[in-house]
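**Student:** Next input, structure requested:
(2 chains, ligands or ions: 2)
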Amino acid sequence: MPTIPAVLRLRRFVIEEIIWESVNVYTLVLIPEQVEDAFDFIAGQWVYLHPLNEDGSSWGKAAFSIASAPASQPGRIELCIEIKGELTRRASKLGVGHVVGLQGPFGVFTVRSTDEAPFLFLAAGIGITPLRSMIEQLLAQGSEQPIHLLYSSREIESFVYWERFEMLRQRYPSFHPTCTLTGSVPAVWKDEHGRINGAMLDRWLPAVSHATFFMCGPEAFMQDMQRLLVERGIDTKKQIRRESFGS
Amino acid sequence: MRIVVDRQICIGAAACVIVAGKTFQLDAEGKAEVVNGAAKEQTEETSAALSSIENDDCQTIIDGALSCPVNAIHLYEDDGTQIV
Ligand SMILES: Cc1cc2nc3c(=O)[nH]c(=O)nc-3n(C[C@H](O)[C@H](O)[C@H](O)COP(=O)(O)OP(=O)(O)OC[C@H]3O[C@@H](n4cnc5c(N)ncnc54)[C@H](O)[C@@H]3O)c2cc1C
Ligand code: SF4
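**Tutor:** Ligands and ions are numbered 1, 2, ... in the order given. Next comes the predicted model:
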């Protein structure tokens, strides 16, 4: 009988915590049920999440980037999930102690040793998840290279990980997060306002000749960012890395 | 078996490459293409070939196709019947 490749083995993970990040976004904190269920991953990779039937078989699967950094707590995985359809709603109703299946890790949206610093991250909405993993991994590894993040969201209420990034900003002088709200802004808002355009990008871009860009968000956002960066002389093939969530 | 990658749908998530690395690879644009294989046809839209002994075994190619999060890979029997 052919053996199943390790990445396709359905690994059993227990829900340790469910954190509601906004009204329709939640984080599943998962720990391996057995030692052999644990797996290594590289920051930026994704997994298939399988809610399970009562007999332990898969109910269905959907892809989610791992939001936590490998360096944070070995074996522990955080998935940050926006409710869209049946599967994401079903998973949101699970409770602490329930078991889910994971397959993976997959993907090549990762920081490579040949990538030139500084690292510039562009995210919109739920596209922040793989970027959080990469940023926290770089910081945990003691990278002193500047890390810049430009993160767009509609409302302050839907900003996932905003407080987390504020905390990291205070702890790591090399980390520079900037947020922009495309909808209404609160009275005390001091960051950017509106969709990312050329002028905003120019305010944010550090004056450097080399850099690697990592972007993740809706397709329209990524096309806009790519166009703006190409207009600024950035080499799409060498300097831009992107992850699409497929919609 | 005929292997077809719909490159318009492919998002470069690289699951196929990790599962069936002797059959799929990412090109310079970050899109999957069929490697090795026979009677290869490559266009902007699709990359297709008949599986050969240089590729992974049939089950691994099927696993690779099923691992794609956007169903960009289609597999056909020699008589044209769709497997995936
Ligand atoms: C590489 C990658 C990374 C991603 N990372 C993230 C991320 O970090 N966070 C995020 O929020 N999104 C992420 N996404 C997007 C996410 O995968 C989709 O938003 C998600 O699949 C949509 O979930 P849904 O609830 O609409 O699923 P659905 O479309 O409802 O279901 C998905 C699958 O579940 C099964 N299913 C559905 N209904 C039933 C049923 N009634 N009975 C049995 N099976 C059923 C089917 O197999 C179906 O194909 C990522 C996508 C990709 C490709
Ligand atoms: S798994 Fe699908 S989306 Fe990912 S590279 Fe392969 S064909 Fe493209």
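
**Student:** State the pLDDT value of the closest residue to residue A:134 other than its chain neighbours.
**Tutor:** On the basis of C-beta to C-beta, 6 or more residues apart in numbering or on different chains, the spatially nearest residue to residue A:134 that is not a chain neighbour turns out to be residue A:43, at 4.5 Å. The way it works is simple: take the backbone N, C-alpha and C, and place the C-beta from them, glycine included. Predicted confidence (pLDDT) at residue A:43: the value is 98.

**Student:** Burial check on residue A:43, number of neighbours?
**Tutor:** The local packing of residue A:43 (other C-beta atoms under 10 Å in any protein chain shown) involves 26 other residues.

**Student:** Could you give the backbone dihedrals for the residue in chain B positioned nearest to ligand 1?
**Tutor:** For chain B and ligand 1, the shortest gap (C-beta to the nearest ligand atom) falls at residue B:69, measuring 3.9 Å. Dihedral angles of residue B:69 (phi, psi; degrees, to the nearest 10) stand at phi -70, psi -10.

**Student:** That one is in contact with residue B:14, isn't it?
**Tutor:** No: when contacts are counted by C-beta atoms under 8 Å, residue B:69 is not listed as touching residue B:14 (10.1 Å).

**Student:** So which of those two has more stuff around it?
**Tutor:** It is residue B:14, of residue B:69 and residue B:14, that has more neighbours when counted by other C-beta under 10 Å, with 23 against 20.

**Student:** How about the residue of chain B closest to ligand 1, nearest residue that isn't a chain neighbour?
**Tutor:** Nearest non-adjacent residue to residue B:69 (C-beta to C-beta, 6+ apart): residue A:63, at 4.1 Å.

**Student:** With residue A:28 instead?
**Tutor:** With sequence-adjacent residues excluded and distances taken as C-beta to C-beta, 6+ apart, residue A:28 is closest to residue A:79, at 4.8 Å.

**Student:** Likewise for residue B:38?
**Tutor:** The shortest distance from residue B:38 to any residue other than its chain neighbours is 4.5 Å, reached at residue B:50 (C-beta to C-beta, 6+ apart).

**Student:** which residues touch that neighbour?
**Tutor:** By C-beta atoms under 8 Å, 6 or more residues apart in numbering or on different chains, the residues touching residue B:50 are B:1, B:2, B:3, B:37, B:38, B:39.

**Student:** May I have the beta-bridge partners of it?
**Tutor:** Following DSSP bridges, residue B:50 is listed with bridge partners residue B:2, residue B:38.

**Student:** and it, what pLDDT?
**Tutor:** pLDDT recorded at residue B:50 is 95.
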